[in-house]
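Enquirer: Here is the input, now give the coordinates:
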Amino acid sequence: MSTRAAPVERSGWIEFAAVLLFAVAFFRIIEAIAYFEKSHKLNDLAGGFFSNHSWGWGAWDLCIAVLAIFAGLSLLKGGGFGRVIAYIWAIIAIVNSFMIIDIAPWFAVSTMVLAGFVVYGLAMNPEPGEGL
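Expert: Numbers count the residues shown, from 1 in each chain. Just a heads-up that it's a prediction; the model follows:
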């Protein structure tokens with residue numbers, strides 16, 4: 001007689017969070033390239049955290065993108081590392097949004113909402129052994 005346990009069913013929120021992380025990473029990479037080019041299409045961030053150093057904003061966006069990619073890949077594989085990194089990414093994305101909310105309010109609010117969806121997706125699906 002076989003005593004295999006039934007596979008644990010996850011809802012789609014984990015996959016949704018991973019897809020959101022990939023989407024945000026893609027747009028952050030494009031934005032970082034624009035910062036490195038000092039594009040005329042950028043917002044004036046002279047009053048922001050990195051002052052008028054567009055390379056600083058580009059490096060910051062690349063860091064956020066790399067975190068999002070690693071977290072998304074790990075989430076799709078079912079790793080706990082991705083959960084931790086995704087929570088850290090959400091915190092960084094929300095802090096970044098507060099740093100630029102007076103410069104680009106729509107971008108900041110939309111980033112906060114996406115980070116909130118990622119946190120919700122992770123929180124609603126505890127890992128096996130957590131909770132009740």
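Enquirer: just for this structure, where's the confidence low?
Expert: 1-10, 38-53, 127-132 (pLDDT under 70).
Enquirer: so where do the helices sit in it?
Expert: Remark: helices assigned in the chain by DSSP state H are 13-37, 54-77, 80-100, 105-123.
Enquirer: Include mean neighbour count when you put those helices into a markdown table, please.
Expert: C-beta: built from backbone N, CA, C; applies to glycine. A markdown table is the format used below for the helices of the chain (neighbours: other Cβ atoms under 10 Å):
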| stretch | mean neighbour count |
| --- | --- |
| helix 13-37 | 18 |
| helix 54-77 | 20 |
| helix 80-100 | 18 |
| helix 105-123 | 17 |
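Enquirer: So residue 57 versus residue 31, what's the distance?
Expert: Applying Cβ to Cβ, to the nearest Å, the value for residue 57 to residue 31 is 8 Å.
Enquirer: repeat for residue 73
Expert: Taken as Cβ to Cβ, the span from residue 73 to residue 31 is 21 Å.
Enquirer: what does residue 123 give?
Expert: From residue 123 to residue 31 the distance is 27 Å (Cβ to Cβ).
Enquirer: what do you get for residue 78?
Expert: 30 Å.
Enquirer: cool, and residue 100?
Expert: Applying Cβ to Cβ to residue 100 and residue 31 gives a distance of 11 Å.
Enquirer: now swap in residue 72 and tell me
Expert: 17 Å.
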